[in-house]
Structure formats: structure tokens, C-alpha cells
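[1] attaching a predicted model along with its sequence, questions to come.
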Amino acid sequence: MPIRRSSREKPRSLSKQEKLVQWRDCTVVHPHLKQAFNSFFDAIYNPGGASLIFLFGPTGVGKTTLLRQIVKVMLEDHCATINADSDYIPVAAVEARAPESGSFDWKGYYQSILISLDGSTMPNWSSKRSPLKKVKRSNQGTISSSSHLATFRERVIVNIRHRRLIAFLTDEAQRFSRDVQQ
């Protein structure tokens, strides 16, 4: 309920930091972005036999913004189930980090997926807290950083099945095959 101010009371002006936070959290919905959202969302829930959905476009057109919105809406849509079943996560997302030394770091990627599946679906993507609760780890034993790549991959598969994901999103997936030019 809004707070009523007397006609003599001046509205409080926002600090620069508060204005910056408001601006950062603001998304202007362009008709093309809305159309892409609807198409992408439809492809997630009606894949028609597809197991991969690619979203691509030039830098700055809103791909990451679209992924953030997909995650936000899916978490909101499934909030009741998430609250009833702490093991359930409808969507998880990670960013594929740029390779530091010429080839993609699959082990680091799988580690970031496992972290994402432990309850923080969009690390560093949103200032708002996720409605997900902290849950017991489903990794069933720890994996050391010296474990083989196949061990990490298997843990990811087990965790995705355990969490019953509807969608898993990777931002900057073009980095899977891109070598860094030295």
C-alpha cells in the first residue's frame, strides 16, 4: 500500500547509488525482444523433439537479458513446486567462461554447473535473491579438482536428473569451440 505524503512534504530524492540500482534493474522491452522471449519460452515447453535450442545474435541485442528473463519467469511459475520440493529446480544457468589458454576449460564449466545445481541458478546475473532454498548437496560425495573430466560430466548428468530440470541455459556457449588467439 502506498504511503501518503502531506501536500507540503517533498518527496525524498534518491542518491546516485539508488538511481544506479533502479536503472540497472530496469529492462526496456523492445517488440523484437518480446517476440524472441515468447518464441524461446515456447521452444522450452514445446521442444518438438529438439534437445538443443540455440539463441544467437549480434553483441548487445539482448541475449543475456532474454536468458535472465527466462530464468526469472520459470522460477516464478514453478515457485510452489520449488517450495514443496527442495530438490526440484526447473531451470539452471551458467556462463561459459572465456578460455584462458587456447582451449575451453570443460572441467571448470562442469564445476560451475554443479554449483548452479546446488541452488544458485544465476550466479552474478541478478541482484535479486532467488526463491530457491539452500538444499542438501546431491553430489553424493565430493569431487576433487584433480578428478577426471568424465567424473565431472557424470556428476552433472546425475544432478540434472535429480533436479528434474526443464531447461539448462548456457550463456556465451560459442566459447565451447573458440580458441583464444595468442
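    Received, thanks.
[2] ok, which stretches of this structure are helices?
    16-24, 31-45, 63-77, 79-84, 106-117, 149-163 (DSSP state H).
[3] okay, those helices in CSV with mean pLDDT and distance to S51 next?
    C-beta: built from backbone N, CA, C; applies to glycine. Converted to CSV, the helices of the chain look like this (pLDDT from 0 to 100; distance: least, Cβ to Cβ, whole Å):
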stretch, mean pLDDT, distance to S51
helix 16-24, 83, 34
helix 31-45, 88, 11
helix 63-77, 89, 17
helix 79-84, 92, 23
helix 106-117, 90, 16
helix 149-163, 91, 12
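[4] would CSV of these with distance to A93 and mean neighbour count be doable?
    Shown next, in CSV, are the helices of the chain (distance: least, Cβ to Cβ, whole Å; neighbours: other Cβ atoms under 10 Å):
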stretch, distance to A93, mean neighbour count
helix 16-24, 19, 10
helix 31-45, 12, 14
helix 63-77, 6, 18
helix 79-84, 15, 12
helix 106-117, 7, 19
helix 149-163, 13, 16
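[5] which stretch among these comes nearest P90?
    In terms of Cβ to Cβ, the element of those nearest to P90 is helix 63-77, at 5.0 Å.
[6] what about that closest one, distance to the chain center?
    7 Å (Cα atoms, centre = their mean, to the nearest Å).
[7] give me the angle between it and helix 31-45.
    Comparing the axes of helix 63-77 and helix 31-45 via axes from the mean of the first three to the mean of the last three Cα atoms, to 10 degrees yields an angle of 50 degrees.
[8] what's the closest of the helices of the chain to L169?
    The nearest among the helices of the chain, by Cβ to Cβ, is helix 63-77 at 5.2 Å.
[9] the closest one - contacts with which helices or strands?
    helix 31-45, strand 91-95, strand 167-171 (3 or more Cβ pairs under 8 Å, 6 or more residues apart in numbering; DSSP states H and E).
[10] okay if I get the helices of the chain as a markdown table plus distance to P99?
    Listed next are those as a markdown table, based on distance: least, Cβ to Cβ, whole Å:
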| stretch | distance to P99 |
| --- | --- |
| helix 16-24 | 28 |
| helix 31-45 | 27 |
| helix 63-77 | 19 |
| helix 79-84 | 34 |
| helix 106-117 | 9 |
| helix 149-163 | 15 |
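[11] surely F168 meets I89?
    No: using Cβ atoms under 8 Å, F168 makes no contact with I89, being 9.7 Å away.
[12] more neighbours, the two?
    I89 (28 against 17; other Cβ atoms under 10 Å).
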